[in-house]
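Student: here is my input; please provide its structure:
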Amino acid sequence: MKINWKKKLTDRRLWAAVIGFIAPVLLAFGVADKTVAEVTAAISAGAAVVSFVIADNISHSSDKGGSDCEKDDKDK
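Tutor: Just a heads-up that it's a prediction; the model follows:
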């Protein structure tokens, strides 16, 4: 079975599961609550960026004109 990594990395449920796993592990090792919150926020932010980049790339790969950046460069 082949894993579709683009689809998997853009799935909110994956990132919720990652956070749901990491936060309790950090707490179990005695990491401060504030640090756990910061790590959780960093994972969420990273997931948002990764999801956007992949989704944007997928949506523009179906465009014949290329990405927005390429279109803007052609207009100049």
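Student: how many residues are close by Leu9?
Tutor: Using other Cβ atoms under 10 Å as the criterion, Leu9 is surrounded by 15 other residues. For the C-beta atoms, the positions are set from N, CA and C on the backbone; glycine is no exception.
Student: thought it was touching Val49?
Tutor: No - taking contact to mean Cβ atoms under 8 Å, the distance of 10.9 Å between Leu9 and Val49 leaves them out of contact.
Student: ok, the residue lying closest to Val36 once chain neighbours are set aside - contacts?
Tutor: With sequence-adjacent residues excluded and distances taken as Cβ to Cβ, 6 or more residues apart in numbering, Val36 is closest to Leu26, at 4.8 Å. With contacts defined as Cβ atoms under 8 Å, 6 or more residues apart in numbering, Leu26 is in contact with Thr35, Val36, Val39.
Student: name the SS class of Leu26, please.
Tutor: Reducing the assignment to helix, strand or coil with DSSP: H, G, I helix; E, B strand; the rest coil, the entry for Leu26 is helix.
Student: from Val50, how far off is it?
Tutor: With distances defined as Cβ to Cβ, to the nearest Å, the gap from Leu26 to Val50 amounts to 21 Å.
Student: tell me which element the residue sitting nearest the centre point of the chain is part of?
Tutor: Among the residues of the chain, Ala47 comes closest to the average C-alpha position under Cα atoms, centre = their mean, at 2.5 Å. With elements taken from DSSP states H and E, the one containing Ala47 is helix 33-61.
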